[in-house]
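> Task: produce atomic coordinates for the following.
(2 chains)
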Amino acid sequence: MAGYVVLLAAFGIVPTAYAVYFAFTSSGNTFTGLSNFVNAARDFRYVPAVEHMAVYLVLWVVILVVFVTGLSLVLHQLPARRISRTVRFLYYIPGALAGAASVMVWLFMLDPTVSPAASFLRLLGYGTFGQVIEPGHLAILFAMIAFWTGAGGWIVVMCGALNTIPAETIEAARIDGAGGWRIARRIQIPMLRKWIVYMVILAFAAGTQLFVEPQLISEASLGVAGRDYSLNQLSYDFAFQNNNVNYAAAISVELLVVCVVVAAVFVTRSRFFDAS
Amino acid sequence: MRPARTARQLPAALLLAAFLVFFVLPVLWLLLAATKTDPQLVRDNPLAFGSWHALRHNWDALTSFQNDAILLWLRNSALYAFLALIITLVAGVPAGYALAMTEFRGRRVLLVGTLVVMLMPATTLVVPLFLELNEVHLIGTLWSVVLPYSFYPFGVYLTYIYFSTALPPDLLAAARIDGCTEFGAFRKVALPLAAPVIALVGFFSFVANWTNYFLPYVMLPESSQYPVQVGLGLLLTSVPQFNPTAGTGAVLRPELALATLLAISPVLVVFLFAQRFLISGLLAGGTKE
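Here you go, the predicted structure:
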């Protein structure tokens, strides 16, 4: 117990306090109010990074919710249980490639010279790697990579949750003449709601962490993708390239506030402390 | 009846198959790419097997990069992830237990604190963590990644949920009546029952730490200290097709594919091994509501 409290303090609370402290002071340790926030926002890289994050987050969360829910419902109604299990597991495998490994794989997938989907890429009109990863495509590509590694785990969770819906409930609806689509809409999706909310919140929190994908893509693309695509990258550059930890901390604080607000919504809405 | 049913299943089957290709094809391609030479990678069918000879050659070329750097990185990753795993379990499981089964001052504060920190994006705290650890001169040491990894609020939350839903308080009361101390009740009654959730927390912690990129990227300046994830980034910048300025000691694409495979293999093994209990364990909290 004590061990955990020490860890919580040292690696949860103290860094948060540090972030807040640096965000509101100057390099000379004097209180500066909101000027770090204002100056960081005035940086030419700031607004594009916020826009990138917003587009990416929306795409990622929407794609995740739509396809995870849809695929789970389809998998759940498969008559052959063994096939359903196998497919779920195969969907789950890319989860093992989270992080840098997934970027490596997708660099190859998106390079028409070596990709197994090269003909598909050419069909879309992209003949070179540079064309595939042009800046306008990045948000959807990052969302796709995140979906590739993350969706399988959530499908496992959702299928498990669908299994907890009593068979009698579904049977009763079927006797009343409800088809598969109606059962999904009227019974299954409402019963999954808690899990979907849970997924959205965690996916959102995970999405704000975008770093490794744009970082590696920018290293691999000769600056086609800039090195300040996401806010975390910008924060990193403020701290380690521009030697301005105060601006970096201001961005950290902004991201933390966004996530804590989302967390607060989560706690109040899903009534998740009722477990005890 | 039967043809109608099949016809209705067809779109579902097509949908599932399309996604199967999406999820599995890249993994399959990666496995095969490691068995090819670079010209074969460009010229041959993407899903053709190369040769054992080429695989062997790629292995030799990869390991010669900075004198076995890849093996060193794998060892670093294993060291960081396992040390963190041990501390996570030793600190986190009793904490989850105490939060679920005992009353003490500050319990609710601790619970809310755990939850809030759990939902804070870990990467956002990396720069502040750097500043903090810089203050205590830990940057560049093993502990600068192991200690932050060891703090795993999600694990505490999972154990908390598990104990509060799956462990009947009567069982503990009985143990106490039989003369067990509070610690004895935890060790002899609760801990054996918690095996599934301990495995689950261990699994998530190991995978999360093994695949972490940003924290070690910031904390560890020396390439000899890199975990394999950061090492992959270094290899990537040495591939001429992705970085034409890469000079001598260039890495070829199949070698990068092989390195990626090596980097994920421990996680993949854990995945295959964990498949069964994962599906049941993930829902241990959910089904008992």
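> any idea how far residue B:274 is from residue B:104?
33 Å (C-beta to C-beta, to the nearest Å). Where you see a C-beta, it was placed from the backbone N, CA and C, and this is true even at glycine.
> of these two, who's got more company?
Counted by other C-beta atoms under 10 Å in any protein chain shown, residue B:274 and residue B:104 do not tie: residue B:274 has more neighbours, with 18 against 9.
> Disregarding residues adjacent in the polypeptide, which is nearest to that one?
residue B:203 (5.2 Å; C-beta to C-beta, 6 or more residues apart in numbering or on different chains).
> do residue A:127 as well
Nearest non-adjacent residue to residue A:127 (C-beta to C-beta, 6+ apart): residue A:112, at 5.9 Å.
> got it, and residue B:24?
In space, residue B:24 is closest to residue A:90, 5.5 Å off (C-beta to C-beta, 6+ apart).
> I'd like the distance between residue B:80 and residue B:256.
22 Å.
> what do you get for residue A:152?
24 Å.
> now residue B:145
Per C-beta to C-beta, residue B:145 is found 24 Å from residue B:256.
> Residue A:129 now?
In terms of C-beta to C-beta, residue A:129 sits 14 Å off from residue B:256.
> just residue A:233 next, same as before
22 Å.
> same deal with residue B:103?
Relative to residue B:256, and taking C-beta to C-beta, residue B:103 is found at 55 Å.
> and if you look at residue B:45?
Distance from residue B:45 to residue B:256, by C-beta to C-beta: 20 Å.
> Compare these two (neighbour count), which wins?
In this view residue B:45 and residue B:256 are compared by other C-beta under 10 Å, and residue B:256 has more residues nearby, 24 against 9.
> residues touching residue B:59, list them.
residue B:258 (C-beta atoms under 8 Å, 6 or more residues apart in numbering or on different chains).
> helix or strand for it, which one?
Per DSSP states H and E, residue B:59 falls inside helix B:52-64.
> next helix or strand past that helix?
helix B:69-101.
> which of the residues in the following helix or strand past that following helix are buried?
Past helix B:69-101, further along toward the C-terminus, the next helix or strand under DSSP H and E is helix B:107-119. Going by neighbour count (16 or more other C-beta atoms under 10 Å in any protein chain shown), the buried part of helix B:107-119 is B:110-111, B:113-119.
> out of those residues, which touch chain A?
B:110-111, B:113-117, B:119 (C-beta under 8 Å from any C-beta of the partner chain).
> any weak-confidence spans in the chain?
The chain I'm using is chain A. A:1, A:222-223, A:263, A:266-267, A:270-276 (pLDDT under 70).
> nope, chain B please
B:1-8, B:246-249, B:276-289.
> try 80 this time
B:1-9, B:119, B:166-167, B:169, B:182, B:243-249, B:274-289 (pLDDT under 80).
> Spatially central residue in it, please.
residue B:207 (1.0 Å; C-alpha atoms, centre = their mean).
> which residues does that residue contact?
The contact partners of residue B:207, by C-beta under 8 Å, 6+ apart, come to A:95-96, A:98, B:267, B:270.
> State the helix or strand in which residue A:7 lies.
Going by DSSP H and E, residue A:7 is in helix A:2-8.
> which other residues reach whichever helix or strand comes after that helix?
Scanning forward in sequence from helix A:2-8 by DSSP H and E, the next helix or strand is helix A:14-23. Around helix A:14-23, the neighbours that count as contacts under C-beta under 8 Å, 6+ apart are A:36-37, A:245-246, A:248-250, A:252-253, A:256, B:117, B:120, B:124-125, B:127-129, B:131-132.
> Of those, select the buried ones using a ChimeraX command.
Command for ChimeraX that selects the buried part of these, burial taken from 16+ other C-beta under 10 Å:
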select /A:36,37,245,246,248,249,250,252,253,256 /B:117,120,124,125,127,128,129,131,132
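> residues in contact with residue A:170?
A:183, A:187.
> Residue A:87 versus that one, what's the distance?
21 Å.
> what does residue A:96 give?
Distance from residue A:96 to residue A:87, counting by C-beta to C-beta: 17 Å.
> With residue A:48 instead?
Counting by C-beta to C-beta, the separation of residue A:48 from residue A:87 is 40 Å.
> Tell me which of these two has more neighbours.
residue A:87 (24 against 14).
> so the more buried one sits right up against residue B:17, yeah?
No. If you go by C-beta atoms under 8 Å, residue A:87 and residue B:17 don't touch, sitting 9.1 Å apart.
> still on that earlier bit, run the chain-centre distance for the helix holding residue B:59.
How far helix B:52-64 lies from its chain's middle: 27 Å, per C-alpha atoms, centre = their mean, to the nearest Å.
> buried sites along it?
For helix B:52-64, by 16+ other C-beta under 10 Å, it's B:54-55, B:57-59, B:62-63.
> re earlier: can I get the buried residues of helix B:107-119 in TSV with distance to residue B:235?
Below are the buried residues of helix B:107-119 laid out as TSV (distance: C-beta to C-beta, whole Å):
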residue	distance to residue B:235
B:110	42
B:111	43
B:113	40
B:114	37
B:115	38
B:116	38
B:117	34
B:118	33
B:119	34
